[in-house]
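> When you get a sec, could you give me coordinates for this:
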Amino acid sequence: MAGWQVGRLAGWQVERARVAYWPRLAGWQVGRLADWQLVRVAWPIGQRLNLQL
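Below is the predicted model:
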């Protein structure tokens, strides 16, 4: 049970930090999400270009 308790405590700390710093982190999270979307869209295009070369 120790590992489960440690995991729950860590998750709670992360959640508390996210709530406390949400205004500061929101822009960063949006930026990271945008980067991930860009990678997800660009990856297949890059693969296709590599196949054509």
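
> Quick one, grab the pLDDT at L51.
On the pLDDT scale, L51 is placed at 76.

> Quick check: which element contains it?
Assigned by DSSP states H and E, L51 falls within helix 22-52.

> Equivalent analysis for A17, please.
A17 belongs to helix 2-20, assigned by DSSP H and E.

> Run the angle between that helix and helix 22-52 for me.
Counting by axes from the mean of the first three to the mean of the last three CA atoms, to 10 degrees, helix 2-20 lies at 110 degrees to helix 22-52.

> how about stretch 36-47 as PDB, C-alpha atoms only?
Presented in PDB, the C-alpha positions along stretch 36-47 are these (Å, rounded to 0.1, in the frame of the first residue of the first chain):
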ATOM      1  CA  TRP A  36       1.900  18.700 -29.600                       C
ATOM      2  CA  GLN A  37      -0.900  19.400 -32.100                       C
ATOM      3  CA  LEU A  38       1.700  20.800 -34.500                       C
ATOM      4  CA  VAL A  39       3.900  17.700 -34.200                       C
ATOM      5  CA  ARG A  40       0.900  15.400 -34.600                       C
ATOM      6  CA  VAL A  41      -0.100  17.200 -37.800                       C
ATOM      7  CA  ALA A  42       3.400  17.700 -39.200                       C
ATOM      8  CA  TRP A  43       4.700  14.100 -38.500                       C
ATOM      9  CA  PRO A  44       2.600  12.300 -41.200                       C
ATOM     10  CA  ILE A  45       3.400  15.100 -43.700                       C
ATOM     11  CA  GLY A  46       7.100  14.700 -42.900                       C
ATOM     12  CA  GLN A  47       6.900  11.000 -43.300                       C
END
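
> Many thanks, we can stop here.
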